[in-house]
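Student: sequence and computational prediction follow.
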Amino acid sequence: MSLRAALVLLLPEPRLEELRARFDPKRAAAGIPLHITLLFPFGARESGLEELFERWSPLRFSLARVEAFPGAVWLAPEPDEELRERILELHARYPEYPPYEAEFPDPIPHATVGEGEVAEEVRVAAEPLLPVEFEVGAATLMEEVAPDRWRAGRRFPFEGAT
């Protein structure tokens, strides 16, 4: 039984994972891998997710630059239009789970790599690594299995994904 859950796009890239472990050690230690969130919080059971994600094509983008929100530093995907569309599609399908508890009216796709006021340090460390290209062919259900302890759960492949 999970405490909380999220639908995410996992971004396995060792150099960026190292960057994240350095600047966001709390989330990294909690078992949260580098990712772009599609929907959080998410509490719906998996019913219907497989059919929904089977209709999606693999998502292609690059993590291209360092950006910051107050208290968080993130890598911006480019292009991000399709990611935004997919987030809104999920919200329309599961309106009881607004992205980020409706805190932000226009969710911004991002991959968090730092916590706190570390934007300049992250920028210096990340810019030589960027851009990093991705083709993501599945969504993953991340589940909190104990307070501040997460694990990757079921994967939902997209059509045409290998």
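Tutor: On my side now, so go ahead.

Student: now whichever strand or helix holds Arg84: average pLDDT?
Tutor: Assigned by DSSP states H and E, Arg84 belongs to helix 81-93. Averaging pLDDT along helix 81-93 gives 93.

Student: buried set for it?
Tutor: For helix 81-93, the neighbour count (16 or more other Cβ atoms under 10 Å) marks Leu83, Arg86, Ile87, Leu90, His91 as buried. Glycine gets a C-beta too; all of them are placed from N, C-alpha and C.

Student: show me what contacts the residue nearest the centre of the chain?
Tutor: Residue closest to the mean C-alpha point of the chain, counted by Cα atoms, centre = their mean, is Ile36 at 1.7 Å. Contact analysis of Ile36 by Cβ atoms under 8 Å, 6 or more residues apart in numbering lists Val8, Leu9, Leu11, Pro77, Leu83, Pro109, His110, Ala111.

Student: bridged to it, which residues?
Tutor: Taking DSSP bridges, one finds Leu9 as the beta-bridge partners of Ile36.

Student: make 739 the first number, not 1, from now on.
Tutor: New numbering, starting at 739: the last item is Ile774.

Student: Leu821 versus that one, what's the distance?
Tutor: 7 Å (Cβ to Cβ, to the nearest Å).

Student: what residues do those two have in common as contacts?
Tutor: Going by Cβ under 8 Å, 6+ apart, residues that sit against Ile774 and also against Leu821 are Pro815, Pro847.
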